[in-house]
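1. Sequence plus the predicted model coming up.
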Amino acid sequence: MRITQLTKAIALSIAFSSGVALTATASVTDKDIKDDAATTDDVVSYGLGLQGQRYSPLAKVNKDTVEDLRPVWAFSFGGEKQRGQESQPLIKDGVMYVTASYSRVYAIDARTGEELWQYEARLPDGIMPCCDVINRGVALYDDLVIFGTLDAKLVALNKDTGKTVWKKKVENYKAGYAITSAPIVVDGKVITGISGGEFGIVGKVYAYDAKTGKEVWIRPTVEGHMGYIWKDGKKTENGISGGEAGQTWPAELWKSGGAATWLGGTYDASTNSLFFGTGNPAPWNSHMRPGDNLFSSSRVAIDPDTGKIKWHFQTTPHDGWDYDGVNELVSFDYEEDGKMVKAAATADRNGFFYVLNRENGEFIRGFPFVDEVSWASGLDKNGRPIYVEENRPGNPAAAEDGKKGEVVVARPSFLGGKNWMPMAYSKDTGYFYVPSNEWEMDIWNEPTSYKKGAAYLGAGFTIKSVADDHIGILRAIDPKTGKEVWRHNNFAPLWGGVLTTAGGLVWTGNPEGYLMAFDDKTGEVLYKFNTGSGIVGSPVTWEQDGEQFISVLSGWGGAVPLWGGEVAKRVKDFNQGGTVWTFKLPKRYESNNIAKN
Ligand code: CA
Ligand code: CA
């Protein structure tokens, strides 16, 4: 069903043929976005707040009541286009905005599941998404629904009609660029990262005027590439931070250096910093590029007003395992020795969990969060890995035939101790809830050279499981001690995001199809419901008409079936799908304030 143009900002009711009434929605403001973590009646940012904590103060669904939770509607994305559904829905004034595979967007009545409009990007044949045709969600701003496409464009749609308001080509998809991450909006600027690290692209962070799509600044994340900013109608160079070309890269390798910002970023208002992660240096064969290869496999703090890099922290200098450093950096405050610490934490693909000072990027502490790390024996006092040199995949130039370097077994596998799927932080327990995986890989290097638009790896690999009964582990981790408080094993690799609430619950889904709620202190499973296809999306919760709703996407796919080697065989019989599931408690709970344990 399509609705006709709504009169802007007028509270107008439209009666559908089904008799369902919908009130016109208000514009989303900068304040709405900045307050998002605290306001329970909407979800207007990726991460339920730009800091990315994925914590909701809602507690009606809690340890006592969750057993009565039930589905209230399910919405199908329809058609033959299924594959991985990795999106996080946003909700404003009773309307849900959600993306689906193949760069599609839907507006849905959040009370009933009825479709309001849908938008399908017309994708060219030559798109090159490395890791499935997924999308992780929209940004909302003013009257716009903004999202990135697999052919590397940003598209802004009118929130009431789904009609295109502006469209911006961010990069050339023919060179391997794509967008799969959810953009964020900070002070009227829409900010996005870019995918393509497996094709030797140059990673960047981009800021555009959210209302018009006009470029504001662009910040490359490979040392040597100049950023720029528009000032008084003129494009001005905006110098690189941290050195000139060639300081941490040999010869010309920085020109196709990767460091893709493919997972997007978070933002912390108290330090006015964007935090973006960067992927592997290209190519994977590390013997071709001696040096630290800045700013690959790093977290960078960027000034949102100018695009300048304030600080960087490199998790895997001279990466040789595809340990992309893109995983979300989540801001949180904690008390230590009577002082409040402005910290930020990240669980890296390389198997280490890092706590940083988010004001200056200084390393506070780090520890492995997986059972075994083979490539490093630990971290030094600055958080730099202590390499186990013999566990770096060998140099093909040293091989007799010059074609295949020594094979090593590396753990974690390149799909990571944790991949893109966002963790959650509970203010109540002080724990991070980390969706993680235990797996290893055979990896070796091969000669390669850069060719625009072609895979640029110089490596081969096979991912293998290390246990028969599980690969996935949902972990509760104390960031102050490094202690794992509880764990929950899962047969298939976990690939979905996590949410936690003041109701004392931790939510996530698994590829087997279950939406699950855990006790935040003990890890006990308090609720599970099978959605009919694997869950690789991120759950959200919000309040409407006095009731607490929970939504999650179901639709198996993502990188594991495509890149998973031996592991892909384990999950090959999981069925695809494309459905938004929404849950709430029965009506009788509506007016009661039910205490939690
Ligand atoms: Ca909110
Ligand atoms: Ca990568």
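-> Good, I have the coordinates. Ligands and ions are numbered 1, 2, ... in the order given.
2. For the rest of this, base every contact and every neighbour count on C-alpha atoms.
-> Will do.
3. Now for the residue in the stretch 101-250 of the chain positioned nearest to ligand 1: which residues touch it?
-> Per Cα to the ion, Leu140 is where the stretch 101-250 of the chain lies closest to ligand 1, at 12.1 Å. Residues near Leu140 by Cα atoms under 8 Å, 6 or more residues apart in numbering: Val28, Val44, Ser45, Leu90, Ile146, Val185.
4. for the strand or helix carrying Lys167, the distance to its chain's centre please.
-> Assigned by DSSP states H and E, Lys167 belongs to strand 164-169. In terms of Cα atoms, centre = their mean, to the nearest Å, the centre of strand 164-169 is found 23 Å from the chain centre.
5. Roughly how far does the residue of the stretch 101-250 of the chain closest to ligand 1 sit from Pro479?
-> Separation of Leu140 from Pro479 (Cα to Cα, to the nearest Å) stands at 32 Å.
6. now do Val355
-> 7 Å.
7. Residues that sit against both of these two, list them.
-> With Cα under 8 Å, 6+ apart as the test, Val355 and Pro479 both reach Ala345.
8. in this structure, which spans are helices?
-> Secondary structure of the chain (DSSP state H): helices at 30-34, 559-563, 566-570.
9. now for the last one, which elements pack on it?
-> In other words, helix 566-570. strand 459-465, helix 559-563 (3 or more Cα pairs under 8 Å, 6 or more residues apart in numbering; DSSP states H and E).
10. Return the residues of this protein in contact with ligand 1.
-> Residues of the chain lying near ligand 1 by Cα under 5 Å from the ion: Asp36, Thr39, Thr40, Asp42, Val43.
11. returning to what we had before: give the partner strands of the strand holding Lys167 in its sheet and their orientations.
-> Note on strand 164-169: by DSSP bridges, its sheet partners are strand 153-158 (antiparallel).
12. list the buried ones in the strand it pairs with?
-> Buried residues in strand 153-158, counted by 16 or more other Cα atoms under 10 Å: Lys153, Leu154, Val155, Ala156, Leu157, Asn158.
13. if you skip the residues just before and after it, what's nearest to the fifth one?
-> When you say that, I think you mean Leu157. Excluding its sequence neighbours, the residue lying closest to Leu157 (Cα to Cα, 6 or more residues apart in numbering) is Thr164, at 4.4 Å.
14. Around whichever residue of the stretch 451-597 of the chain sits closest to ligand 1, how many other residues sit close by?
-> Using Cα to the ion, the closest approach of the stretch 451-597 of the chain to ligand 1 is made by Trp542 at 7.4 Å. Look at Trp542: counted by other Cα atoms under 10 Å, it has 23 neighbours.
15. In contact with it: list those residues for me.
-> Thr40, Asp41, Asp42, Val43, Ser56, Leu58, Ile91, Gln548, Phe549, Ile550.
16. Using JSON lines, please lay out those residues together with distance to Trp321, pLDDT and neighbour count.
-> Output for these, formatted as JSON lines (distance: Cα to Cα, whole Å; pLDDT from 0 to 100; neighbours: other Cα atoms under 10 Å):
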{"residue": "Thr40", "distance to Trp321": "41", "pLDDT": "98", "neighbour count": "17"}
{"residue": "Asp41", "distance to Trp321": "43", "pLDDT": "98", "neighbour count": "21"}
{"residue": "Asp42", "distance to Trp321": "40", "pLDDT": "98", "neighbour count": "23"}
{"residue": "Val43", "distance to Trp321": "36", "pLDDT": "98", "neighbour count": "30"}
{"residue": "Ser56", "distance to Trp321": "36", "pLDDT": "98", "neighbour count": "26"}
{"residue": "Leu58", "distance to Trp321": "40", "pLDDT": "98", "neighbour count": "22"}
{"residue": "Ile91", "distance to Trp321": "38", "pLDDT": "98", "neighbour count": "23"}
{"residue": "Gln548", "distance to Trp321": "43", "pLDDT": "98", "neighbour count": "20"}
{"residue": "Phe549", "distance to Trp321": "41", "pLDDT": "98", "neighbour count": "23"}
{"residue": "Ile550", "distance to Trp321": "37", "pLDDT": "98", "neighbour count": "20"}
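17. What is the most widely separated pair among the residues you listed?
-> With Cα to Cα as the measure, no two of the contacts of Trp542 lie farther apart than Leu58 and Ile91, at 15.0 Å.
18. And Glu336, how close does it get to ligand 1?
-> 29 Å (Cα to the ion, to the nearest Å).
19. What does the pLDDT read for that residue?
-> pLDDT, Glu336: 91.
20. same thing with the one 10 residues further on?
-> In this model, Thr346 is scored at 98, pLDDT.
21. can you count the residues close to it?
-> Thr346 has 27 neighbours, counted by other Cα under 10 Å.
22. from memory it sits against Phe353, does it?
-> Yes: with contact defined as Cα atoms under 8 Å, Thr346 reaches Phe353; the gap is 5.8 Å.
23. looking at this structure, which residue lies furthest from center?
-> Glu400 (41.7 Å; Cα atoms, centre = their mean).
24. does Asn128 really touch Gly176, like I thought?
-> Not Asn; residue 128 is Met. Yes: the pair Met128 / Gly176 is scored as a contact, 5.6 Å apart, by Cα under 8 Å.
25. Gly430 is in contact with Gly482, isn't it?
-> No: applying Cα under 8 Å, one finds Gly430 not in contact with Gly482, separated by 11.9 Å.
26. Find residues that contact each of these two.
-> Contacts common to Gly430 and Gly482, judged by Cα under 8 Å, 6+ apart, are absent.
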